[in-house]
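Trainee: Just need the structure, nothing else, for what follows:
(chains A, B, C and D)
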2 protein chains.
Amino acid sequence: MATSRPTLRDVARRAGVNPATASRALNPALPGRIAAPTEGRVREAAEALGYRPDPVARSLRTRRSGFVGVVVPDLTNPVIPPIVRGIEGVLWTAGIACLLADTDNDVDREAALVDELLARRCEGLIVSTATRTSGTVNDLADGDVPAILVTRNIDAGSLPLVAGDDAAGVEAAVAHLAELGHRRIAHVTGPLTLSTTVVRRDAFEAATDRLGLRASRLLVHGEAFTAAAGHAAAEELLGGGERFTAIVAGNDLIALGCLEALADAGLRCPEDISLVGHNDTPMVARLEPPLTTVAIPKAEIGARAATLLLDGLEGREVASGPVLLPTELIVRGSTAPAPPRS
Amino acid sequence: MATSRPTLRDVARRAGVNPATASRALNPALPGRIAAPTEGRVREAAEALGYRPDPVARSLRTRRSGFVGVVVPDLTNPVIPPIVRGIEGVLWTAGIACLLADTDNDVDREAALVDELLARRCEGLIVSTATRTSGTVNDLADGDVPAILVTRNIDAGSLPLVAGDDAAGVEAAVAHLAELGHRRIAHVTGPLTLSTTVVRRDAFEAATDRLGLRASRLLVHGEAFTAAAGHAAAEELLGGGERFTAIVAGNDLIALGCLEALADAGLRCPEDISLVGHNDTPMVARLEPPLTTVAIPKAEIGARAATLLLDGLEGREVASGPVLLPTELIVRGSTAPAPPRS
DNA sequence: TTGAAAGCGCTAACAA
DNA sequence: TTGTTAGCGCTTTCAA
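Mentor: Have a look, this model is predicted:
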């Protein structure tokens, strides 16, 4: 049975001072200089009792808390953990704890968790939203807690965003395929509820347009950023009867599902169909075939978002335009010259 | 500028009652039945004002909080997110929010984060510890907050644990290899600071002993549960000059590193060396070769831990012995008959 | 430089 | 059934 923690009162009593004095002694930032010997006595008493300030009481009084909330849509999407890592590294170094919440791509859960975090006086929020139309997230722009978006934007676009330059990545992917002689390139998107899907799709359409390769029948949507959704969408594409020799997938998970669907249909990758993923998620380099993919700088995205948040926390102005970090097309084994038209 | 939230006082004033009455009206569990019309007026007022109770103030008063803390060692280890998912599913259904903390396998960070969570009055804790000797975690057994361990145990063993039956899995792996004719089987462990490493290693030694295949020179340790550590350890093994035809890896990440090291050394898997992983992490089925591995029921481990925690939260006795859920050897392409002795 | 008093928003104990 | 009072542990006036 843990006996209850000592309070500031206990410390003050032991040091023979008023609780307010003890508070000031322990918290040098507070107004009212404290005499060195007094401070010494208080610190000693605190040490002796193993005093730890109660953050709940402190929060109630000060309306601050010393932690920031990080809200993510899906921990099992392998692109997320490395981003979180980037965030945590910067914030931990700055002496700030992160509490994470996973929304499972569910707007209600997102609303509840953001509310929970806010109600607990988190001092800042880094959010990768469940959908681009999230009202909860949009309202953050008017709140009094700094908030930064990562990877996924909202339509209103009123909050700072840090993401990879996906459009450039997709353009590079399409250019790469075109150079390999592909003329019929399909796109299997992620869910339309996400800004990443829209950005990548628009970039895909712009790039294919520019090269005169646009074919609207070769655009199919995945229901989610999962292999299962990619599988289903690829089946739809294959069943559509439209010929194609390459797929640009909405992300690596979708690509994985496409790979399965191709195998199911007796098609080889890359001999029959080339495939490009997005994100360069851990392990895709070791798939069979190794996946060509658009790498986004995951840790840097997280770190940059955390740095921006730190600016906000310290009252500095946060540049509000989106920060797009460079992406890179990593060419591996899943793309090859287009097969000769048989 | 968000104007500050309405307080219970505001609600009470609007409903023409005392704050305490308003509190009781909004919180049916509290003692003191409330007259229906009063309750109606209060609810109406709360609704009209958009009142949301302040969890910080409530926590200060009640020493409860309505959330539980989940502490994980490494979000980028792919075995972790599915477990967290299992936890969240059960808890969310029970109306309890989870706040996650990632310790990066660092005991200091673990201590700080557990303390943070506890200080914020989290009502329960599910922990996958950074090391099996964590004092912070061990102390949880004497605390007044129920705590459940997942996957990783501590030496003291004084807390309930939910994990896969790794020993049975490793035994099955060794038996499988022996049946394939392997006589010289190596083991590349994870870091010795983790209980999972110890359990798997002991099971490996017991199994090889039983079959008369024990060879202590074929045991090497990885520094961490990462591909890089697996790579380094496998190189050490290969450099040791001891002949072997199979490797049982401490987990899938270690196995991935082994695979790379084998390829670097010009050895083929499974033709020259068979390889078994552990955990059946997402995507290992699509590696080249597809990885034979011991599957642990990740979501169930999480769900079961959450269920046990719920027992603890509701004051029921929590069975204290470890709960070991069944594992299964999934045979894929990375294991094959031992090559003939040349 | 320090102490006294008040109060953050809520709920528990006690009275009415 | 409801109101009154007090207090969770801290920090912040204000006064000394």
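Trainee: so who does residue A:155 touch?
Mentor: Neighbour list for residue A:155: A:132-133, A:195 [criterion: C-beta atoms under 8 Å, 6 or more residues apart in numbering or on different chains]. All C-beta spots, glycine's among them, are computed from the backbone N, C-alpha and C.
Trainee: Can you show me the helices along chain A?
Mentor: Along chain A, counting by DSSP state H, helices occupy A:8-15, A:19-26, A:36-49, A:55-62, A:80-93, A:107-119, A:135-139, A:166-179, A:195-210, A:227-239, A:252-264, A:298-313.
Trainee: residues making contact with the last one?
Mentor: Spelled out, that is helix A:298-313. Residues beyond helix A:298-313 that count as contacts (C-beta under 8 Å, 6+ apart) turn out to be A:68, A:79, A:82-91, A:94, A:96, A:123-126, A:146-151, A:160, A:162-164, A:279, A:317-319, A:323, A:325.
Trainee: ok, back up a step: now, of the helices of chain A, which is deepest in the fold?
Mentor: helix A:252-264 (a mean of 24; mean count of other C-beta atoms under 10 Å in any protein chain shown).
Trainee: Any of the contacts of helix A:298-313 buried? List them.
Mentor: A:68, A:79, A:82-91, A:96, A:123-126, A:146-151, A:160, A:162-164, A:279, A:318, A:323 (16 or more other C-beta atoms under 10 Å in any protein chain shown).
Trainee: DNA strand C versus residue A:54, what's the distance?
Mentor: 11 Å (C-beta to the nearest atom of the strand, to the nearest Å).
Trainee: how many neighbours does that residue have?
Mentor: 17 (other C-beta atoms under 10 Å in any protein chain shown).
Trainee: Was I right to think it contacts residue A:7?
Mentor: Yes. Counting by C-beta atoms under 8 Å, residue A:54 touches residue A:7, with 7.2 Å between them.
Trainee: how much space between whichever residue of the stretch 51-200 of chain A sits closest to DNA strand C and chain B?
Mentor: For the stretch 51-200 of chain A and DNA strand C, the shortest gap (C-beta to the nearest atom of the strand) falls at residue A:61, measuring 3.6 Å. With distances taken as C-beta to the nearest C-beta, to the nearest Å, residue A:61 is found 10 Å from chain B.
Trainee: what stretches of the stretch 1-150 of chain A score poorly on pLDDT?
Mentor: For the stretch 1-150 of chain A, the stretches with pLDDT under 70 are A:1-3, A:32.
Trainee: Show me what from it comes close to chain B.
Mentor: A:1-2, A:52, A:54-57, A:59-60, A:67, A:75-76, A:78, A:81-82, A:84-85, A:88, A:92, A:97-102, A:104, A:109, A:112-113, A:115-116, A:119-121, A:142-144 (C-beta under 8 Å from any C-beta of the partner chain).
Trainee: Of the contacts of helix A:298-313, which belong to strands?
Mentor: Of the contacts of helix A:298-313, the ones assigned to strands by DSSP state E are A:68, A:125-126, A:147-150, A:162-164, A:279, A:323, A:325.
Trainee: With respect to DNA strand D, which of these is nearest?
Mentor: Of the ones in strands among the contacts of helix A:298-313, the one sitting nearest to DNA strand D (C-beta to the nearest atom of the strand) turns out to be residue A:68, at 18.8 Å.
Trainee: Wait, that closest one touches residue A:127, no?
Mentor: No. Assessed by C-beta under 8 Å, residue A:68 is found out of contact with residue A:127, at 10.7 Å.
Trainee: can you give me the end-to-end distance of stretch A:186-195?
Mentor: Stretch A:186-195 stretches 20 Å from its first residue to its last (C-alpha to C-alpha, to the nearest Å).
Trainee: Which positions within it qualify as buried?
Mentor: Under the neighbour-count rule (16+ other C-beta under 10 Å), stretch A:186-195 has A:186-191, A:193-195 buried.
Trainee: What number of residues are in the vicinity of the residue lying closest to residue A:84 once chain neighbours are set aside?
Mentor: Leaving aside its chain neighbours, residue A:84 sits nearest to residue B:75 (5.7 Å; criterion: C-beta to C-beta, 6 or more residues apart in numbering or on different chains). For residue B:75, the count of nearby residues is 23 (other C-beta under 10 Å).
Trainee: Show the contacting residues for residue B:75.
Mentor: A:75, A:81, A:84-85, B:81, B:102.
Trainee: and which of those is nearest DNA strand D?
Mentor: Distances from DNA strand D to the contacts of residue B:75, taken by C-beta to the nearest atom of the strand, are shortest for residue B:102, at 26.7 Å.
Trainee: surely the closest one meets residue A:100?
Mentor: Yes. Checked against C-beta under 8 Å, the pair residue B:102 and residue A:100 is within contact range at 6.8 Å.
Trainee: Find residues that contact each of those two.
Mentor: Common neighbours of residue B:102 and residue A:100 (C-beta under 8 Å, 6+ apart) are residue A:84.
Trainee: so can I have JSON lines of the contacts of residue B:75 showing distance to residue B:299?
Mentor: Listed next are those as JSON lines, based on distance: C-beta to C-beta, whole Å:
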{"residue": "A:75", "distance to residue B:299": "12"}
{"residue": "A:81", "distance to residue B:299": "17"}
{"residue": "A:84", "distance to residue B:299": "20"}
{"residue": "A:85", "distance to residue B:299": "23"}
{"residue": "B:81", "distance to residue B:299": "10"}
{"residue": "B:102", "distance to residue B:299": "19"}
